[in-house]
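Visitor: Here's my sequence, what's the structure:
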Amino acid sequence: MDSFRFVIALALCMLIMVGWTLFFQPKPQPVPQGNLPPVPAAAPQAPRPPPPPALGAVQPPPLIAEADQPEQTAEISINGAGEPERLKLKVSSREGGISGVWLPRYRTRDGKDPLVLIPEDAGAAALLGLWIDQPTVQFDRRKGHGALRNWALEAAPDKGSAAFTKEIDGVLVRKEIRAIKDRYHVEVSLVLENRSAENRQLHYRIQGPSGMPSESLRTPGTDLNLVWGDRGGDGATVNNVLTVSSIKGDWVSPYADRIVLVGSSNNYFAGVLAGADPQTQGQLKSGHADTFTDPRNLEELARAEYKRPFGDLLPDERSKVEGKAFKNVRTAIASRDTISLAPGATVTHRFLLFLGPREAKVLAEYPQFNLPEINYYGWWTMLVKIFLQVLKGLHAVLFSWGLAIIGLTFIVRACLHPINRRQQASMMRYQKKVGAIKPQMDALKERYANNKVKMNQEVQKLFKENHINPGQMMGGCLMIFLQLPVWYALYSSIEVSLDLRGAPFLWITDLTQSDRLVAPLPFTIPFLGTDLNLLPFIYVILTILQQKMQPKPTDPQMQQQMRMMTFMMVFFGFIFYAFPAGFLLYFIASASISMVESKIIKKILAREGLGPNAGALAAAGGAGPVPLVGQALYPAKKTGEGKRK
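Guide: Numbers count the residues shown, from 1 in each chain. Down below sits the predicted model:
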């Protein structure tokens, strides 16, 4: 039995490792799809030196940053047909870009204000901010430079467009942002016109979506991703997702001259800057990203731990807060190293800037960029997408997202029912066989009380003679392993479903948050926090009752195994304490269905002479091999011929 005990321990270790991998490790980067031509290995991603100056150019003196002029702002809005506006942008002359983004159709978690997609204090350069490295312009890839501040702003009275202009070293730069009705994107034109009498060679970097807030409530920052797309061998865009936590230092897209788009995303929303046409894409060289400490998270942690703003903290206090704050991401797209402009020449590059929800139907409106590919949820992406569709279908019938989750639980349990009933039948047969040879086992234990090795050998020999396989008691662990992909996919579905975000059910105000029956409490619950969540306690009680309903094994080692399983279920209750209410709702519904299912299976197995007391009855009948003939769990229906007979 020592080998069996080792198998149990190994299974539990595997369960913990798989659970850790699925729930806590960062999502793996997907393998790029499409037929890509071979490319050389990427060089270390170190910052590139600026390109050499044009021939005959004079080395510039150190440039003093231009003083900020009075800021001008304007709004751009996109209205749906007879609906609230889809997208609202604030543009600023300070950096000649977008300083804030709102999605008025979606609300903040408390439901009071329109959702902020990119805050004005995002901590990154303005979206569409531009910097150009020329011989007479000081260059700083991360922060830009003073020469490209203080743009002239022209805004349309109808809030449908805005344009920025600025002249740099004889080159007139014009950026125009135009709203597109009933969509979640704007069109961006970048015009470079050489008004000097000399040739100009330059290249630019344009700021992509950066500083997007985290939507993850349990572990802020873990849902932030870098998104980029490259041209594949067939010309189609191949999109990739990389968790921000896995970015170390400066990131550069791996395939030079193939970049199509770059952006960022959280659980529910995404921002993407993409070359809008092949001519523009052909002039783009690479995507860039680097991380920075999220300023809003810094303020939250400082006020929570020290009751003071971050700027008022002492140096050691700042270091502690910075060590706990999560990282956000800045993104940018760089053009090719040299764009040549003859005197009087003009070049126009066009971009599409998407700022909206990660809903499949919305992303499907941009097939030229394969945007649905950014909805990548790890190994179980397909299962997550299936669950999302099933939940939407059930909601259309039940009119409640809470009931839709319960309905999904019924479907999952129905799919697992054949395996479950076979496992229960197998365990009951095992207990019946063990009960039949219990007198012989007791005799062996008494005979070899001082020789455990010999006793185990004789017990295993006895099991083999009576065709008893201890692996039959692994049914409970097997069911847990089979449900692990379901648990992970359901958890991911709840985390990324915009429909469930803010959806109420009973006393639950948001199925994507913990149920928070009482919050906050006037005191702190050790290891659990200041919120009283009821669902985890209901789950623990139901799982204990479920274990009590299982057949009581006569073997002491099997009894110890059942106690271990009960402890694990209680332990899961503590692990899941702060998990989304929708996730706990699934577990509670699953435990309730399992209790009813167990009773039904027991009645069916009674026809086979199997039941809770089968082991004891068999033990009273004597020793010796027990020839059990397997029978069908569900009797076949009578055929027409059988009825006539």
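Visitor: Residue 188 versus residue 133, what's the distance?
Guide: Using Cβ to Cβ, to the nearest Å, residue 133 is found at 21 Å from residue 188. Bear in mind the C-beta positions are built from the backbone N, C-alpha and C, glycine included.
Visitor: the more surrounded of the two?
Guide: The neighbour count for residue 133 versus residue 188, taken as other Cβ atoms under 10 Å, is higher for residue 188 (22 against 19).
Visitor: That one: what secondary structure?
Guide: strand (DSSP: H, G, I helix; E, B strand; the rest coil).
Visitor: bridging residues for it?
Guide: residue 177, residue 351 (DSSP bridges).
Visitor: Tell me the pLDDT of it.
Guide: On pLDDT, residue 188 comes in at 96.
Visitor: For this structure, give me the ranges with low pLDDT.
Guide: 1-66, 81, 134-147, 469-480, 482, 549-559, 561, 605, 607-645 (pLDDT under 70).
Visitor: Outline the domain layout of it.
Guide: The record's domain parsing of the chain by automatic domain parsing lists 22-376, 393-620.
Visitor: how about these, which one is nearest residue 383?
Guide: domain 393-620 (4.0 Å; Cβ to Cβ).
Visitor: how distant is that closest one from the center of its chain?
Guide: 26 Å (Cα atoms, centre = their mean, to the nearest Å).
Visitor: count of neighbours near residue 308?
Guide: Residue 308, neighbours per other Cβ under 10 Å, totals 12.
Visitor: what about it, distance to residue 301?
Guide: On the measure of Cβ to Cβ, residue 308 and residue 301 end up 11 Å apart.
Visitor: looking at this, residue 545 is in a helix?
Guide: Yes: counting by three-state DSSP, residue 545 is part of a helix.
Visitor: Could you find the closest non-adjacent residue to it?
Guide: residue 595 (6.8 Å; Cβ to Cβ, 6 or more residues apart in numbering).
Visitor: Might one say that the one you found is in contact with residue 542?
Guide: Yes: Residue 595 is in contact with residue 542 according to Cβ atoms under 8 Å; the separation is 7.4 Å.
Visitor: Residue 590 is in what secondary structure piece?
Guide: helix 581-606 (DSSP states H and E).
Visitor: Format the domains of the chain as JSON lines; extra columns: distance to residue 383.
Guide: What follows is the domains of the chain, written out as JSON lines (distance: least, Cβ to Cβ, whole Å):
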{"stretch": "domain 22-376", "distance to residue 383": "12"}
{"stretch": "domain 393-620", "distance to residue 383": "4"}
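Visitor: Please identify which of the ones you listed is closest to residue 385.
Guide: Going by Cβ to Cβ, the one of the domains of the chain nearest residue 385 is domain 22-376, 7.3 Å.
Visitor: how about the helices in the stretch 201-350 of the chain?
Guide: Counting by DSSP state H, counting those that start in this stretch, the stretch 201-350 of the chain has helices at residues 278-281, 295-306, 315-324.
Visitor: likewise the stretch 401-550 of the chain?
Guide: Using DSSP H, counting those that start in this stretch, helices in the stretch 401-550 of the chain cover 401-436, 438-447, 452-465, 475-496, 535-548.
Visitor: Any idea which of those gets closest to residue 349?
Guide: Residue 349 lies closest to helix 475-496 among the helices of the stretch 401-550 of the chain, at 32.9 Å (Cβ to Cβ).
Visitor: tell me the SS of residue 362?
Guide: Assignment for residue 362 (three-state DSSP): helix.
Visitor: Now the residue nearest to it when sequence neighbours are not counted: phi and psi?
Guide: Excluding the flanking residues, the one nearest residue 362 by Cβ to Cβ, 6+ apart is residue 356, at 5.7 Å. Backbone torsions of residue 356, given as degrees, to the nearest 10, read phi -170, psi -170.
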